[in-house]
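J.: Predicted model and sequence follow; I will ask about them next.
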Amino acid sequence: MRNAEAPQPPSQRTRPWTNREYCEFMDITPGAAAQQRYKGTGPKFIRVGSRIYYDPADVFAYLDANKLQRTDDRPGAA
């Protein structure tokens with residue numbers, strides 16, 4: 001038997017955020033979010049056709065990975 005986690009049923013998953021919801025949460029412009037996606041510097045995202053979505057768990061994981069203790073710390077070096 002494998003130890004891999006089974007995907008959660010839809011009723012237990014959180015609804016993905018739209019690009020607008022992500023931008024409002026992060027207090028950034030849609031253009032800044034587009035640059036993050038282009039440069040690969042933001043959280044993971046989902047593209048469905050021309051629409052962009054963000055899994056809130058991925059956004060919070062991105063924020064956790066970029067926590068700093070001091071101003072001269074590098075993200076992810078903790």
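T.: Perfect, thanks for sending it.

J.: Disregarding residues adjacent in the polypeptide, which is nearest to the residue nearest the centre of the chain?
T.: The centroid of the chain falls nearest to Val59 when counting by C-alpha atoms, centre = their mean (2.8 Å). Nearest non-adjacent residue to Val59, counting by C-beta to C-beta, 6 or more residues apart in numbering: Pro43, 4.8 Å away. For the C-beta atoms, the positions are set from N, CA and C on the backbone; glycine is no exception.

J.: and the residue nearest to the centre of the chain, what does it touch?
T.: By C-beta atoms under 8 Å, 6 or more residues apart in numbering, Val59 lies in contact with 17, 22, 25-26, 43.

J.: PyMOL command to pick out the buried ones of these?
T.: Selection of buried members from those for PyMOL, criterion 16 or more other C-beta atoms under 10 Å:
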select buried, resi 17+22+26+43
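
J.: Mind checking which of the contacts of Val59 are in strands?
T.: The strands, defined by DSSP state E, take in Trp17 from those.

J.: Can you add pLDDT and distance to Ser50 and give the contacts of Val59 back as JSON lines?
T.: Shown next, in JSON lines, are these (pLDDT from 0 to 100; distance: C-beta to C-beta, whole Å):
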{"residue": "Trp17", "pLDDT": "97", "distance to Ser50": "16"}
{"residue": "Tyr22", "pLDDT": "98", "distance to Ser50": "16"}
{"residue": "Phe25", "pLDDT": "97", "distance to Ser50": "21"}
{"residue": "Met26", "pLDDT": "97", "distance to Ser50": "21"}
{"residue": "Pro43", "pLDDT": "98", "distance to Ser50": "19"}
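
J.: on that earlier part again, pretty sure the residue nearest to the centre of the chain sits in a helix.
T.: Yes - judged by DSSP: H, G, I helix; E, B strand; the rest coil, Val59 forms part of a helix.

J.: now the strands for the protein?
T.: 17-18, 46-48, 51-54.

J.: Go ahead and produce CSV holding the CA coordinates of the last one.
T.: Put plainly, it is strand 51-54. Output in CSV follows, covering the C-alpha atoms of strand 51-54 (Å, rounded to 0.1, in the frame of the first residue of the first chain):
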residue,chain,number,x,y,z
ARG,A,51,-8.1,32.3,-16.6
ILE,A,52,-5.7,32.2,-13.7
TYR,A,53,-6.4,30.7,-10.3
TYR,A,54,-4.5,30.3,-7.1
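
J.: Alright, calling it a day.
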